[in-house]
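K.L.:
here is the input, now give the coordinates:
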Amino acid sequence: MKTATISLVLVAALFSATAGAHGKKTPPTSLKRGSAKNLVTITVQQMTFKDMGFEAGKLGRSWQSITDDNIVLASRNGSTFVYTVKNDANDKVLTVNVLNDGTVESVAFTTP
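P.N.:
Here you go, the predicted model:
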């Protein structure tokens with residue numbers, strides 16, 4: 001059931017992203033913390049299916065099981081949210097930078 005829910009969210013996100021590309025242009029809005037966190041969750045989930053061009057590359061299946069508890073807002077630097085995402089299965093940590101306009105700027109493994 002959890003896999004079905006995650007899949008549904010991913011498909012909805014993909015369709016909404018492509019629909020917006022052809023719609024009326026609107027000025028960018030500033031993300032709120034909760035929206036940025038949701039974007040981080042969706043991005044990490046998508047990265048388990050394909051390499052999205054970030055430094056971290058395609059992620060293993062264990063990243064599909066992350067929860068909100070695994071995602072922490074590390075800092076907010078002006079127009080950038082910096083989140084850390086911890087994978088309890090392998091103790092690896094990702095750093096995800098999200099801009100105010102909703103663009104995921106970078107995803108990279110954090111080095112100890």
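K.L.:
now do the same contact list for the residue nearest the centre of the chain.
P.N.:
For the chain, the residue sitting closest to the mean C-alpha position, by Cα atoms, centre = their mean, is Val40 at 2.2 Å. Contacts here follow Cβ atoms under 8 Å, 6 or more residues apart in numbering; on that basis Val40 touches 71, 83, 85, 96, 98, 104. For the C-beta atoms, the positions are set from N, CA and C on the backbone; glycine is no exception.
K.L.:
how about stretch 57-72: buried residues?
P.N.:
By 16 or more other Cβ atoms under 10 Å, the buried positions in stretch 57-72 come out as 59, 63-64, 66, 70-71.
K.L.:
so how far is it from its chain's centroid?
P.N.:
Mean-position distance between stretch 57-72 and its chain equals 9 Å (Cα atoms, centre = their mean, to the nearest Å).
K.L.:
burial measure for the closest residue to Lys58 other than its chain neighbours, as a count.
P.N.:
Spatially, and ignoring its direct neighbours in sequence, Lys58 is nearest to Asp51 (4.2 Å; Cβ to Cβ, 6 or more residues apart in numbering). Using other Cβ atoms under 10 Å, Asp51 has 10 neighbouring residues.
K.L.:
assumed Asp51 was part of a strand.
P.N.:
No - Asp51 sits outside any strand when classified using DSSP: H, G, I helix; E, B strand; the rest coil, being coil.
K.L.:
touching, it and Val107? I think so.
P.N.:
No - in this structure Asp51 lies outside contact range of Val107 using Cβ atoms under 8 Å: 10.6 Å.
K.L.:
which is the next helix or strand following the lowest-mean-pLDDT helix or strand in the chain?
P.N.:
One helix or strand of the chain scores below all others by mean pLDDT, DSSP states H and E: helix 2-22, with a mean of 55. Per DSSP states H and E, the first helix or strand lying C-terminal to helix 2-22 is helix 33-46.
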